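Okay, predicted coordinates and the sequence, questions at the end:
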Amino acid sequence: MSVLMTLRIAFKALGRNKMRTALTMLGMIIGVSAVITMVALGSGAQSSIEQQIQSAGTNLIIVTAGNWNVGGVRQGQGFATSLTEADAQALRDQVPGIQYLAAGVNTRAQLVAGNQNWATRVQGTDIDLPLIRAWPMAVGSFFTAQDVTTATKVVVLGSVARDMLFGPNADPTGQIVRLRDQPFKVLGVMASKGQSSMGDDQDDTVFVPYSTVQKKLLGQTNINNITVSAASAGQTAAVAGQIGAVLRVRHRIVPPDPDDFMVRTIEEMASVRREATQTMTALLAGIAGVSLLVGGIGIMNIMLVSVTERTREIGVRMAIGARGRDVLMQFLVEAVVLSLFGGLIGIGLGFAFSGGLTLWLRWPTAVSPNAVALAFGFAAATGVFFGFYPARKAASLDPIEALRYE
């Protein structure tokens with residue numbers, strides 16, 4: 001029997017009970033659409049993390065002051081006072097893989113402009129920060145090396161701080177704002193950057209020369225962190241290791257004494273979130289895969305019912321010359337047709353559900369071609385696997401007994 005004839009008979013047989021056929025396909029439709037939607041959610045989350053990593057900076061390495069232990073009381077990361085401007089300069093001079101470097105001193109303060117005020121994060125930093133973070137200016141310019149050397153009272157606003165003080169899209173360049181009752185001249189506004197990989201709003205901040213924060217705002221000589229950009233992505237891990245080695249020598253740390261600083265790459269900081277997302281995606285896809293299994297069992301159940309209902313038909317076909325393999329192929333094709341059509345509809349619904357989540361709930365989704373291929377292939381395999389037993393049962397019927405069946 002030709003393949004075309006087999007398909008025609010399969011469609012005719014399935015069309016006799018349209019409602020039963022539709023309900024049989026429903027399990028496969030739900031399973032395939034659920035798998036695609038769940039994987040799309042996971043892929044979208046991973047893509048979002050990758051974008052956040054890229055927006056955080058190029059080949060980023062962050063050195064922070066370590067724990068401060070006073071009388072057995074551990075104050076936590078960033079409280080140690082052992083990280084200094086001299087350390088930053090030593091890294092710049094002694095680690096050849098560093099492309100850009102910026103010392104940092106952070107605090108929070110109330111920013112006042114006219115009759116408006118806004119509490120925000122103050123990042124004391126150096127002139128390399130925009131290059132490290134690939135962060136352009138929206139208006140105005142960043143401060144200069146001369147401003148850092150002389151601890152000039154100048155400030156560059158993040159877009160949120162600008163909006164809160166001067167209004168959306170305003171150009172406050174040249175205006176005077178007050179930080180802790182001290183006047184600072186606004187040099188410009190950074191372009192909007194959005195949330196960081198850790199969920200912080202990167203635009204709700206202002207940038208000041210780190211020397212100004214040290215001398216004019218906090219009255220301290222130590223720094224809180226050093227932000228570094230490696231010359232290439234392949235050098236990031238090696239540069240991070242060299243930074244740790246140089247700082248251990250400078251701080252006279254010998255084994256087994258713990259480091260009084262921490263060196264982290266942005267990949268390390270994001271890896272936990274990425275791994276958690278991958279685990280959750282696999283879990284959700286596994287749960288959705290149960291629907292495919294249930295759909296396959298439903299197909300096998302209906303095909304067994306179909307064999308029973310069509311026993312006499314099978315007997316007639318075998319009596320006029322149909323071979324056992326023809327009957328087996330006929331029922332196997334019907335099962336596969338059920339699975340594939342259910343899979344195709346499920347793929348369409350999976351795309352629709354993924355788009356709906358993005359449109360209505362603002363959840364990032366990304367439909368992976370691999371997920372579509374896997375779901376469709378699994379649907380076809382399910383049809384073959386669960387359709388084989390009913391098809392084999394039909395093919396093994398005795399023609400005489402089948403003809404006598406009522």
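Received, thanks.

Where does the prediction get shaky in this structure?
Within the chain, the segments meeting pLDDT under 70 span 1-3, 46-58, 67-80, 195-199, 233, 266-278, 280-281, 284-285, 288, 400-406.

All the strands of the protein, residue numbers only.
Under the criterion DSSP state E, the chain contains strands at 60-65, 67-70, 73-77, 98-113, 116-125, 137-140, 154-157, 176-179, 182-190, 205-209, 225-230, 261-265.

Please name whichever of these is nearest to residue 167.
Judged by Cβ to Cβ, the one of these that comes nearest to residue 167 is strand 116-125, at 8.9 Å. All C-beta atoms are positioned from the backbone trio N, CA, C, and that covers glycine.

quick revisit: save the strands of the chain as a markdown table, and put in mean neighbour count and distance to residue 4 too.
A markdown table is the format used below for the strands of the chain (neighbours: other Cβ atoms under 10 Å; distance: least, Cβ to Cβ, whole Å):
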| stretch | mean neighbour count | distance to residue 4 |
| --- | --- | --- |
| strand 60-65 | 23 | 61 |
| strand 67-70 | 13 | 75 |
| strand 73-77 | 11 | 71 |
| strand 98-113 | 20 | 65 |
| strand 116-125 | 20 | 70 |
| strand 137-140 | 16 | 65 |
| strand 154-157 | 26 | 71 |
| strand 176-179 | 19 | 79 |
| strand 182-190 | 20 | 66 |
| strand 205-209 | 26 | 68 |
| strand 225-230 | 25 | 62 |
| strand 261-265 | 19 | 60 |
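
Quick one, which of those gets closest to residue 324.
Closest among the strands of the chain, using Cβ to Cβ: strand 261-265, at 64.3 Å.

what angle do the closest one and strand 60-65 make?
Put simply, strand 261-265 runs at 170 degrees to strand 60-65, going by axes from the mean of the first three to the mean of the last three Cα atoms, to 10 degrees.

List of residues touching strand 261-265?
60-66, 77, 80, 82-83, 236-237, 240, 243-244, 247, 251 (Cβ atoms under 8 Å, 6 or more residues apart in numbering).

Leaving out the residues flanking it, which one is nearest to residue 247?
Excluding its sequence neighbours, the residue lying closest to residue 247 (Cβ to Cβ, 6 or more residues apart in numbering) is residue 261, at 5.5 Å.

is the one you found in a bridge, and if so with what?
As for beta bridges, residue 261 partners with residue 65 under DSSP bridges.

and it, how far is that from residue 222?
Residue 261 is 11 Å from residue 222, where distance means Cβ to Cβ, to the nearest Å.

Please identify every residue contacting each of those two.
Joint contacts of residue 261 and residue 222 (Cβ under 8 Å, 6+ apart) are 65, 82, 83.

Reformat those as TSV; add distance to residue 14.
Formatted as TSV, those follow (distance: Cβ to Cβ, whole Å):
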residue	distance to residue 14
65	70
82	76
83	73
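
right, and residue 368 touches residue 40 too?
Yes. Counting by Cβ atoms under 8 Å, residue 368 touches residue 40, with 7.0 Å between them.

Next, work out how far apart residue 95 and residue 87 are.
Distance from residue 95 to residue 87, by Cβ to Cβ: 11 Å.
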